[in-house]
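Undergrad: 3D, please:
(one chain, ligands or ions: 1)
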Amino acid sequence: MGQLDGQHVLVTGGSSGIGKACAQRYRAEGATVYVADIRPQSSDEIQLDVSDSAAWAALISTLPPLDMVHLNAGITTPGRSMSDDPAAPLSDVTDDAYRAIVGVNLDGVYFGARAVLPGMVERGSGHLIVTASMAGLGGMPGDIAYTATKHAVVGLVKSLGATLEQGGNSGVCVSALCPGFVDTPLVAREAQEFIAAMGMPVIEPSRVAEAAMQAMEAKVNGSQWIVWGDIIRQNEQSDFGLS
Ligand SMILES: NC(=O)c1ccc[n+]([C@@H]2O[C@H](COP(=O)([O-])OP(=O)(O)OC[C@H]3O[C@@H](n4cnc5c(N)ncnc54)[C@H](O)[C@@H]3O)[C@@H](O)[C@H]2O)c1
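TA: Sure thing, here's the model as predicted:
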C-alpha cells in the first residue's frame, strides 16, 4: 500500500529536478501523476506556462478531480547568482527578467492555487504543496528578486493555511517546502562549487520528495518544511500565534 494509492496528483515543473523526483515518488506511492511543464520532455507530459492564468483554467477542465497539487515550477533571475559581486544588486536585472521571475515564482503559484482550490474545498479534501525555498525564510544574498518571490509564496501559504483553518477544518491543507541547495539544473555547476566551498550542503532532489511526503502525512495548514542536509523538519517560527 502506498501513501497515495488511487490519488490523482498534478506536479508543475515536473520535467526536471525536484519536480521530476517528486513525480517519481508520488507514482511509487500509488498515485496517477500528471506532469505540467513549460518544456515537457515526453508526450505524456502536459505543456503549461504556470504564469498564464487562462492556461490554468483550460488545464483543470481537462483533468479529473485532483487530490494533491504540487506547485513546484520556478526559475532564478537570469544573470544573478549567490556568488555574484553585489556591486549592482538590483540595477543589473532588466524589467523583463524581473517580470519573468515574479510571473513564474509568484503568479504561477497564486494562479495555480486559485484554479485548483475551489474543487478541493467543494470535495472537502485535498493538499496543496508549494516548493518555496530556504530563500523564502531568510535573506539569501545574490538573487534578490528570487528571494523576494520565495518570501511571497511562504506568505501565501501561511495566509491561505490560516484562512482554511479559520473557515473550520475544510479538509484542505496547504504546505510549503523550503529546501536549501538541491542538485538540479537550476543551480549552475559553478554555483554548486561556490556553495560547497562555503561548507553548505547540496542535497539530492529525492530528499525534497521525502519532505513532501512528510508534509502530506502531517497535514498542518500553513506549515513550512525545512530541507537542509540530512534535516527535514517543520519550521517552528510562528507569526502572531498563527502558523
Ligand atoms: N535547486 C535548488 O537548489 C532549489 C532550492 C530551493 C528551492 N528550489 C525550487 O524548486 C523548484 C524546482 O526547481 P529545480 O531546482 O528542480 O529546477 P529545474 O530547473 O530543474 O526545474 C524547474 C522546472 O520548472 C519548469 N518551468 C520553468 N518555468 C516554467 C513555467 N513558466 N511554467 C511551467 N514550468 C516551468 C522548467 O521547465 C523545469 O522543468 C523551483 O520552484 C525552485 O525555486 C530549488
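Undergrad: pick out the residue nearest the middle of the protein.
TA: With distances taken as C-alpha atoms, centre = their mean, the residue of the chain nearest its centroid is T131 (1.6 Å).
Undergrad: chain center to the host helix or strand of D96: distance?
TA: Following DSSP states H and E, one finds D96 within helix 95-102. When distances are taken as C-alpha atoms, centre = their mean, to the nearest Å, helix 95-102 is centred 18 Å away from the chain's centroid.
Undergrad: on contacts alone, who are the packing partners of that helix?
TA: Under the contact definition 3 or more C-beta pairs under 8 Å, 6 or more residues apart in numbering; DSSP states H and E, helix 95-102 sits against helix 144-166. Using the backbone N, CA and C atoms, a C-beta is placed for each residue, glycine as well.
Undergrad: helices of the protein, start to end?
TA: Assigned by DSSP state H, the chain shows helices spanning 17-28, 53-62, 95-102, 108-123, 144-166, 189-197, 205-218.
Undergrad: residues in contact with the residue nearest to I232 when sequence neighbours are not counted?
TA: Closest residue to I232 apart from its sequence neighbours, by C-beta to C-beta, 6 or more residues apart in numbering: A211 at 4.7 Å. Shown here is A211, whose contacts under the criterion C-beta atoms under 8 Å, 6 or more residues apart in numbering are L177, P179, W225, V227, I232.
Undergrad: rerun at 10 Å
TA: By C-beta atoms under 10 Å, 6 or more residues apart in numbering, A211 lies in contact with 18, 22, 129, 131, 175, 177-179, 225-227, 231-234.
Undergrad: returning to what we had before: and the residue nearest to the centre of the chain, bridged to which residues?
TA: Under the criterion DSSP bridges, T131 forms beta bridges with L177.
Undergrad: for it, give its distance to the ligand.
TA: Going from T131 to the ligand by C-beta to the nearest ligand atom, to the nearest Å gives 4 Å.
Undergrad: any regions of the chain where pLDDT drops low?
TA: Along the chain, the parts satisfying pLDDT under 70 run over 79, 81-88, 169, 238-243.
Undergrad: let's see it at 50
TA: Along the chain, the parts satisfying pLDDT under 50 run over 243.
Undergrad: which parts of it sit against the ligand?
TA: With C-beta under 6 Å from any ligand atom as the criterion, the chain meets the ligand at residues 12-13, 15-19, 37-39, 48-51, 72-75, 104, 108, 131, 133, 179, 181-182, 184-187.
Undergrad: and these, which are buried?
TA: For the residues of the chain next to the ligand, a neighbour count by 16 or more other C-beta atoms under 10 Å gives the buried set as 12-13, 15-19, 37-38, 48-51, 72-75, 104, 108, 131, 133, 179, 181-182, 184, 186-187.
Undergrad: mind listing which of the residues you listed are in strands?
TA: Using DSSP state E, T12, D37, T131, P179, F181, V182 are the members of these that sit in strands.
Undergrad: which of the contacts of A211 are buried? Put it as a ChimeraX command.
TA: Here is the ChimeraX command that picks out the buried ones among the contacts of A211, judged by 16+ other C-beta under 10 Å:
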select :18,22,129,131,175,177,178,179,225,226,227,232,234
